[in-house]
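A.B. asks: return a 3D structure for these sequence lines:
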Amino acid sequence: WKESMKTLTLTKNALTEVGGGIPGLSNLQVLSMSHNPIRWLPDLSGLTHLRDADFSHCKLENLNNPLPPALISLNVSHNLLASIPSLTHSRLNTLNLSHNSLTSFTLVSLPSLRTLDLSSNRIASLPEELFTATELHGLTILDNPLTEDALKKMPCYNIWVQRQATTINKKIQGGAVVELIK
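C.D. replies: Presented below is the predicted three-dimensional model:
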């Protein structure tokens, strides 16, 4: 039965850890472990078909384990992340890091990234590579110290905005928000 399982939802189970990773679920595509007091992201590297992982509303303190190669969407919002490692992943296209305590966002290689939510953190600047080395179409940075003026001073940001074939709605509410609507 484990080999045929494609979706596993362990939401709101008071799980504090997932020791030894999640073995034996080689065809798992969707994993939801939200609303559990998990402090460490389990080793998911053996889940070679995992496309969607949700660890929102946990108590994650770091993302040090490698991400599965097929992962497309990762939600680690509403956690205790103060920093994240430099992210490298070829397929990840949706990343939700909102409602953490991040002061920076470092990117090494996320060429497929299309949607990024960094809202409600403490981010004051963004790497220029975010606008040049990704497929970014949606960026939410509401409720951060980063201001619209600081964004406009970044040449790559201005070029990125001009490249978008979308309607852009900008507003300031305790920080900058950029909502791109296709």
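
A.B. asks: pretty sure Pro42 contacts Leu15?
C.D. replies: No - checked against Cβ atoms under 8 Å, the pair Pro42 and Leu15 is beyond contact range at 9.9 Å. C-betas here are computed from N, CA, C, even on glycine.

A.B. asks: which one's more surrounded, the two?
C.D. replies: Set Pro42 next to Leu15 and count neighbours by other Cβ atoms under 10 Å: Pro42 wins out with 19 against 15.

A.B. asks: any idea how far the more buried one is from Glu129?
C.D. replies: 28 Å (Cβ to Cβ, to the nearest Å).

A.B. asks: Leu146 now?
C.D. replies: 16 Å.

A.B. asks: what of Gly138?
C.D. replies: 17 Å.

A.B. asks: which one of the two has more residues nearby?
C.D. replies: Gly138 (17 against 14).

A.B. asks: what mean pLDDT does the longest helix seen in the chain have?
C.D. replies: Longest helix in the chain, counting residues (DSSP state H): helix 155-163. Helix 155-163 carries an average pLDDT of 78.

A.B. asks: what's the answer for stretch 44-53, then?
C.D. replies: Stretch 44-53 comes out at a mean pLDDT of 92.

A.B. asks: which parts of it are buried?
C.D. replies: Buried residues in stretch 44-53, counted by 16 or more other Cβ atoms under 10 Å: 44, 47, 50-53.

A.B. asks: between those, which sits nearest Leu97?
C.D. replies: Taking Cβ to Cβ as the measure, Leu97 lies nearest Ala53 of these, at 13.1 Å.

A.B. asks: doesn't the closest one belong to a helix?
C.D. replies: No - looking at Ala53 with DSSP: H, G, I helix; E, B strand; the rest coil, it is strand, so not inside a helix.

A.B. asks: quick one: contacts for Ala124?
C.D. replies: The contact partners of Ala124, taken as Cβ atoms under 8 Å, 6 or more residues apart in numbering, are 103-104, 144-146, 150.

A.B. asks: about what we covered before: mind putting the buried residues of stretch 44-53 into JSON lines with distance to His89?
C.D. replies: Below are the buried residues of stretch 44-53 laid out as JSON lines (distance: Cβ to Cβ, whole Å):
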{"residue": "Leu44", "distance to His89": "12"}
{"residue": "Leu47", "distance to His89": "14"}
{"residue": "Leu50", "distance to His89": "12"}
{"residue": "Arg51", "distance to His89": "12"}
{"residue": "Asp52", "distance to His89": "14"}
{"residue": "Ala53", "distance to His89": "12"}
